[in-house]
Each structure stands twice: as structure tokens, then as C-alpha cells.
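Participant: no FASTA, just this:
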């Protein structure tokens, strides 16, 4: 049976991540709390707006109401990457070669390893950022689509247009697809291969609520999302991705919304967090479910696995957090 080590924090938890085997929890108040031979606290921001794990570097990246972008290392030490006084930084992303992107207003900023900053103006406010897995290429989600920039060239941006407000963005692990979350209850996607200037569109609709969480399976065959009374899991293994295919619905619960999803790092097993604080583990192949945590005080807002896939950290909007040992 999985065992849960509970850990309570005051306030809303916006991030739960592992660096090595050490769990880190980020609070909206601006603190990072890590469980490393006891609880350790790092004061970071006057109000934290985002905390993500850098997929290319063993660190966390945060942005705050104080205009600062910070990198946090496994020992809890913090380094300031950038600062935009009097701006709110609610979008950050980690990229190859030590690059860090952040946005405020109608511009994306990429800080390179040597400290050089590249600025990419947009016609609309940037709502989401993501780096491609290969090459220093960044996607900026905005109103009416996504702009793609090669960071180290002066080439003009490639624009992927689709009407509506695009609030988040992610590349598939193999770089063949780009998917956005939208202000409406939908995803939109583009197949990036094919003729230049002719990307194929993918509409993924039918959600009863906004999609606020998504996670790719280890080899990129599946994209799991929140926003329904189950995890909605789209197939991406075919050459045209989910076009013409129905998604899987995993962990279905009547009228209880899934609020957070996180794929296991090595297996096609999905952790699903719900609005009532419950956490389920579901195997994609046969839909078999395992209860990982009973309902708690608040909606699950953050989850992630340790690199070995034996531990799952979670946090909620009410501050009840914990680490689930699934190997126990």
C-alpha cells in the first residue's frame, strides 16, 4: 500500500517538485520549503506567481510580484536570473544551454548562460512560454496564436494563428507537435512537420472546465490534461497525433473535477489530483486505479514525481501537502 507523509503549509501551494530525492514546495506567499533532514525555508519573493522545474537543469525557476526571476538549486540556494522592477513575472521557462525565458507585457525575454538577454516583442501579451527540446527555439503563447522564435538568429518569428486567447504552451517531447491551453475550455494544437507555413491544426474540445494542468507521458505517446471529472488523455503516437481520435478518460469520478495531472517519469502511469484533494494513480494500458491519497482540505494544485518514480509530492490550494511513497 502507498504511504503518505503529510506536510502542512500555510496558504496556497503553487508548485511541488523534486530536485534529486528532495521535495520542494512553493507557496504563493513567496517561500520555498524543502524537506531535507527536516524542513528548510528559503524566502524568495514578495508574492510568488509561478514555480516550474527546469527540464534542462537540476533546478527550479520562479517568478514573482516583485519582478524577480530566480533559480533555486538542490541545496536551497537561490540565484537571481533577471529583474523587471514594478512588473509581475507569472511566466518562466527553462531551456537548453542554461537559457531562461520570462515574460511580462508584450515581450518575451531570454537570458542566455553568459548573461546576455534577447528580447522578442509581441503584438499581444505573452501568456505562456516553452522551449523546444532541441535547438534554442522558444514558443510564446498569446492572443490569437503562438509565436516561434529561434533565439540565436535574427530570423523573423514563425506565427501559428488560431483565434482566441492561448494561455499556456508545450512542445511534445519529440518536437513534432505544439499544444496550447486556451481561455475557453479547450486545447489547440499544431503539427509542426510538413510544408513550411502549412502546419496542421488540431482542435481538442469538449472540456467542462478550463485546462490548467497537462503532462506528457515519458516517450510522448500521450498528453494528459485536467479540466474534466477524469483525466483526459490524448494520443500522440500516430503521425497526425490525436486528429480524428478520441481521448482516453482515466480515473473518472462523477462530478468531481480533476485539477492536476503528472505522468510517472518511466512508466505509462498517471497521477491524477482532484478538486477534493484525492490523488489516484492510473495505468494507461488497462485503466487500473490505485488510491494514493484520500480526499483532503483543498483542490490539488501541484504534483510531481521523484526521478526514480518511487515518490510523488503533492500540494493543495489549502496548503495540505505531502509525499506519497508508492513503493511502501
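Facilitator: Structure's in. What do you need? Since we're looking at a predicted model, the values are computed, not measured. Residues are numbered from 1 along each chain as shown.

Participant: which stretches of the chain have low pLDDT?
Facilitator: Along the chain, the model assigns pLDDT under 70 to residues 194-199, 328.

Participant: care to break it down by domain?
Facilitator: 1-52+212-328, 90-206 (automatic domain parsing).

Participant: now those domains in a markdown table, with mean neighbour count and distance to residue 80?
Facilitator: Just so you know, the C-beta spots here come from the backbone N, C-alpha and C atoms, and that holds for glycine as well. Below are the domains of the chain laid out as a markdown table (neighbours: other C-beta atoms under 10 Å; distance: least, C-beta to C-beta, whole Å):
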| stretch | mean neighbour count | distance to residue 80 |
| --- | --- | --- |
| domain 1-52+212-328 | 19 | 10 |
| domain 90-206 | 18 | 10 |
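
Participant: Residue 76 is nearest to which of these?
Facilitator: The minimum distance between residue 76 and those falls on domain 1-52+212-328, with 4.9 Å, by C-beta to C-beta.

Participant: May I see the domains of the chain organised as a markdown table, with distance to residue 84 added?
Facilitator: Shown next, in a markdown table, are those (distance: least, C-beta to C-beta, whole Å):
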| stretch | distance to residue 84 |
| --- | --- |
| domain 1-52+212-328 | 12 |
| domain 90-206 | 5 |
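
Participant: Of all those, which one is nearest residue 83?
Facilitator: domain 90-206 (10.0 Å).

Participant: Could you find the closest non-adjacent residue to residue 46?
Facilitator: Leaving aside its chain neighbours, residue 46 sits nearest to residue 66 (4.5 Å; criterion: C-beta to C-beta, 6 or more residues apart in numbering).

Participant: quick one: that neighbour from residue 27, how far?
Facilitator: Noted for residue 66: a distance of 15 Å to residue 27, by C-beta to C-beta, to the nearest Å.

Participant: Equivalent analysis for residue 210, please.
Facilitator: Taken as C-beta to C-beta, the span from residue 210 to residue 27 is 23 Å.

Participant: ok, now residue 63?
Facilitator: Residue 63 sits 14 Å away from residue 27, taking C-beta to C-beta as the criterion.

Participant: Can you check which residues contact both of these two?
Facilitator: Counting by C-beta atoms under 8 Å, 6 or more residues apart in numbering, the contacts common to residue 63 and residue 27 are residue 48.

Participant: So what does the closest residue to residue 290 other than its chain neighbours look like in phi/psi?
Facilitator: Leaving aside its chain neighbours, residue 290 sits nearest to residue 281 (4.4 Å; criterion: C-beta to C-beta, 6+ apart). Per-residue torsions, residue 281: phi -110, psi 130 (degrees, to the nearest 10).

Participant: OK, contacts around residue 140?
Facilitator: Going by C-beta under 8 Å, 6+ apart, residue 140 touches 103, 108, 120, 122, 126, 128, 129, 146, 147, 148, 149, 169.

Participant: Quickly list what it is bridged to.
Facilitator: residue 129, residue 147 (DSSP bridges).

Participant: is it true that residue 58 touches residue 18?
Facilitator: No - using C-beta atoms under 8 Å, residue 58 is not in contact with residue 18; the gap is 9.8 Å.

Participant: residue boundaries of the strands in the stretch 151-300 of the chain?
Facilitator: Here the stretch 151-300 of the chain has its strands, by DSSP state E, counting those that start in this stretch, at 158-171, 177-182, 187-191, 200-204, 214-216, 222-225, 231-235, 248-250, 258-263, 269-274, 279-283, 289-293, 300-305.

Participant: Columns distance to residue 35 on top of those, output as a markdown table?
Facilitator: Below are the strands of the stretch 151-300 of the chain laid out as a markdown table (distance: least, C-beta to C-beta, whole Å):
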| stretch | distance to residue 35 |
| --- | --- |
| strand 158-171 | 28 |
| strand 177-182 | 30 |
| strand 187-191 | 34 |
| strand 200-204 | 37 |
| strand 214-216 | 23 |
| strand 222-225 | 26 |
| strand 231-235 | 27 |
| strand 248-250 | 29 |
| strand 258-263 | 18 |
| strand 269-274 | 18 |
| strand 279-283 | 18 |
| strand 289-293 | 17 |
| strand 300-305 | 14 |
